[in-house]
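Asker: got a predicted model here, sequence first, then my questions.
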Amino acid sequence: MNKKITIFDTTLRDGEQTPGVSLTNDQKLKIARQLDKLGIDVLEAGFPISSEGDKQSVKAIANEGLRLDVCGLARVLTKDLDTCLDTGVDMIHTFVSTSDIQRIHTIKKSKEEVLTMAVDAVQYIKDHGVKCMFSAMDATRTDLDYLTQIYKAVEGAGCDIINVPDTVGIMSPSRMYHLVGAVSKEIRIPIDVHCHNDFGIAVANSLMAAEAGASQIQVTVNGIGERAGNANLAEVVMCLQSIYGAKTNINTEYLLETSKMVEKYTGIHMPPNTPIVGENAFAHESGIHTHGVLTKADTFEPGIMTPEMVGHKRRIVLGKHAGKHAVQKSLEDAGIQTTDEQLDEIVRRIKAIADKGKRICDADLHAVAADVLGRNLGSETIKLKELSVMTSNLTTPTAVVRAIVGDEEAVASNIGTGPVDAAVKAVQQMIAGYTKVKIRDFRIEAITGGADALAEVTIGVEDEDGRVVTAHAASTDIVTASVDALITAINILLDKKKLWNMQ
Ligand SMILES: CC(=O)SCCNC(=O)CCNC(=O)[C@H](O)C(C)(C)COP(=O)(O)OP(=O)(O)OC[C@H]1O[C@@H](n2cnc3c(N)ncnc32)[C@H](O)[C@@H]1OP(=O)(O)O
Ligand SMILES: CC(C)C(=O)C(=O)O
Ligand SMILES: [Mg+2]
């Protein structure tokens, strides 16, 4: 494998082709800036001919003065190439179907016509002084002799880099290795690959292409894209760096932050077990694992990839599979000391709650420990007295909260994108003099069905010192459940603070 692999990101082009996803120009600009900070080498900012909005967005990104190279997509048609050139991009990625199935049934051109169109497009781009990447669309279903013929022809026309796209995701890792190996014997310019994830092996196929000599890999944040998506950026980069020992320009500590931004803007949420950026990627619940991890993290983690490397955090989760070492550590973190007998009883009760199918939060542990120890562990610094929210199709959602905080009455109001957001912000504002908290995790689930469903809110709250507390609350009113869960978590954090300050 090449020691250095460059990363071509197509989140804003193929990623946006995810059915149902449409990003605003402002969101695209924010993602482009984030990808620049992340260290992406080339960013495919869009397909300018596809709409006036896309053209303007590619233009804005190209004029942003980013460190990365900005690329625009174009068919091998002069109108596409001119529209792309108008945006001021550094590179044009031009493509045409080369497989019989696409050539005959979509563009309806002979092999000779396709070859001529490809060469003409590359020459046109180079005549305008812009870098050029050529894709033989559906390369992996194209006859190899014809494929190498067209790649050689575009190389001869001055193309800077060729792409081998697995357009419908039908390759196996070994077939990808052999294909890229065969192409690399025939041409001298760099090879890039673009793998789709129809069978869930886009990352494996991309890595095998790199093993066979490809020096650039196309990815998208969170693996979004056409159908089942593209090769996932975080997975490709971490495999390259941690498993293969190859270098990229990616500042991996921003991988999680980038994934969260794209989740927010696209509305496509990653399942918890998603590698690297998923909520559970560095979480441990099983007693045997947590016992090991608490002593030395590498016992039950890869070690060659740590949560810190990707901007994540390790979490010890209490539940049905927890052991006493994990429970003891969580109690110690909360400043709670127990005897061995008390600890055994707390573990037994935690498992009993989890056996009923419930998720265990720090707030549950706190309540169980208080009961077993027979004393009130917390003084409930914040006692909520009033929660009012105002929302309609004509007003900006607004919330007012009033509470006794310590010995004093405190009131705050705020606005938000919805009533829950407004209420959460009002609480954060109300307690700002005591502690500043960030919301790390927020989940609303309907426990019962129907419009009168009971909703459960689970929240993770982080204070200025990086301590995280989870709590949940249920109500038929999601704003009430959210605020109850938030205040429970903050009360525990404030208790912890007192206990820590006392030590
Ligand atoms: C594998 C990929 O991801 S390729 C990129 C796919 N992305 C997109 O299609 C998103 C944006 N696309 C669009 O906005 C539109 O499809 C446009 C603007 C590009 C074209 O729109 P329309 O002119 O309405 O055509 P439509 O999309 O229905 O059909 C595609 C046309 O492009 C032609 N075409 C497809 N690929 C190529 C190519 N590489 N070079 C030349 N022509 C091509 C087809 O033959 C067809 O032409 P025809 O109208 O003469 O029959
Ligand atoms: C435009 C091309 C490279 C593409 O997205 C594909 O073939 O999947
Ligand atoms: Mg694609």
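Answerer: Looks like it came in fine. Ligands and ions are numbered 1, 2, ... in the order given.

Asker: in the stretch 1-150 of the chain, which spans are strands?
Answerer: According to DSSP state E, counting those that start in this stretch, the stretch 1-150 of the chain carries its strands in the segments 6-9, 42-46, 69-75, 91-97, 131-137.

Asker: now for the longest helix anywhere in the chain, which elements pack on it?
Answerer: If you go by DSSP state H, the chain has its longest helix at helix 478-502. Packing partners of helix 478-502 (3 or more Cβ pairs under 8 Å, 6 or more residues apart in numbering; DSSP states H and E): helix 362-373, strand 382-390, strand 398-405, helix 419-430, strand 438-446, strand 455-462, strand 468-475. For glycine as for every other residue, the C-beta is placed from the backbone atoms N, C-alpha and C.

Asker: does T417 belong to a helix, a strand or coil?
Answerer: What DSSP: H, G, I helix; E, B strand; the rest coil gives for T417 is coil.

Asker: tell me the confidence at it?
Answerer: Note on T417: pLDDT of 93.

Asker: which residues of the stretch 1-150 of the chain lie near ligand 1?
Answerer: Contact residues (Cβ under 6 Å from any ligand atom) of the stretch 1-150 of the chain with ligand 1: 14, 17, 47, 49-50, 75-77, 95-96, 106-107, 137.

Asker: ok, these vs I7, which is closest?
Answerer: Nearest to I7 among these is D14, at 14.1 Å by Cβ to Cβ.

Asker: for the closest residue to ligand 2 within the stretch 251-400 of the chain, phi and psi?
Answerer: Closest contact between the stretch 251-400 of the chain and ligand 2, by Cβ to the nearest ligand atom, is at T266 (17.4 Å). Main-chain torsions, T266, degrees, to the nearest 10: phi -90, psi -20.

Asker: could you do Q216 as well?
Answerer: Main-chain torsions, Q216, degrees, to the nearest 10: phi -140, psi 140.

Asker: who touches the residue of the chain positioned farthest from its centre in this structure?
Answerer: Distance from the centre of the chain peaks at G374, with 43.6 Å (Cα atoms, centre = their mean). Neighbour list for G374: empty [criterion: Cβ atoms under 8 Å, 6 or more residues apart in numbering].

Asker: quick one, phi psi at it?
Answerer: According to degrees, to the nearest 10, G374 has phi 70, psi 30.

Asker: filter the residues of the stretch 1-150 of the chain next to ligand 1 down to the ones close to ligand 2.
Answerer: Among those, the residues lying close to ligand 2 (Cβ under 6 Å from any ligand atom) are D14, F95, M137.

Asker: now the first one. Nearest residue, chain neighbours left out?
Answerer: When you say that, I think you mean D14. With Cβ to Cβ, 6 or more residues apart in numbering as the criterion, D14 has its nearest non-adjacent residue at 4.3 Å, and that residue is G225.

Asker: count the residues that sit near D344.
Answerer: Using other Cβ atoms under 10 Å, D344 is surrounded by 14 other residues.

Asker: show me what contacts it?
Answerer: Residues near D344 by Cβ under 8 Å, 6+ apart: K324.

Asker: in the helix or strand containing it, what counts as buried?
Answerer: Assigning secondary structure by DSSP states H and E places D344 in helix 340-355. For helix 340-355, a neighbour-count test (16 or more other Cβ atoms under 10 Å) marks Q342, L343, E345, I346, V347, R349, I350, K351, I353, A354 as buried.

Asker: cool, stretch 459-475 as well?
Answerer: Buried-residue list, stretch 459-475, by 16+ other Cβ under 10 Å: 459-463, 467-475.

Asker: and it, how far out from the chain's middle?
Answerer: Put simply, stretch 459-475 sits 21 Å off its chain's centre (Cα atoms, centre = their mean, to the nearest Å).

Asker: pLDDT of the helix holding D344, averaged?
Answerer: 95.

Asker: with stretch 65-76 instead?
Answerer: Average pLDDT, stretch 65-76: 98.

Asker: touching that stretch from outside, list them.
Answerer: 8, 13, 32-33, 35-36, 40-49, 58, 61-62, 80-81, 83-84, 87, 89-96, 117-118, 120-121, 131, 133.

Asker: contact partners for G287?
Answerer: The contact partners of G287, taken as Cβ under 8 Å, 6+ apart, are H321, A322, G323, K324, H325, A326.

Asker: distance of it relative to H128?
Answerer: Separation of G287 from H128 (Cβ to Cβ, to the nearest Å) stands at 64 Å.

Asker: ok, H312 - contacts?
Answerer: When contacts are counted by Cβ under 8 Å, 6+ apart, H312 is found next to L256, I276, V277, A281, F282.
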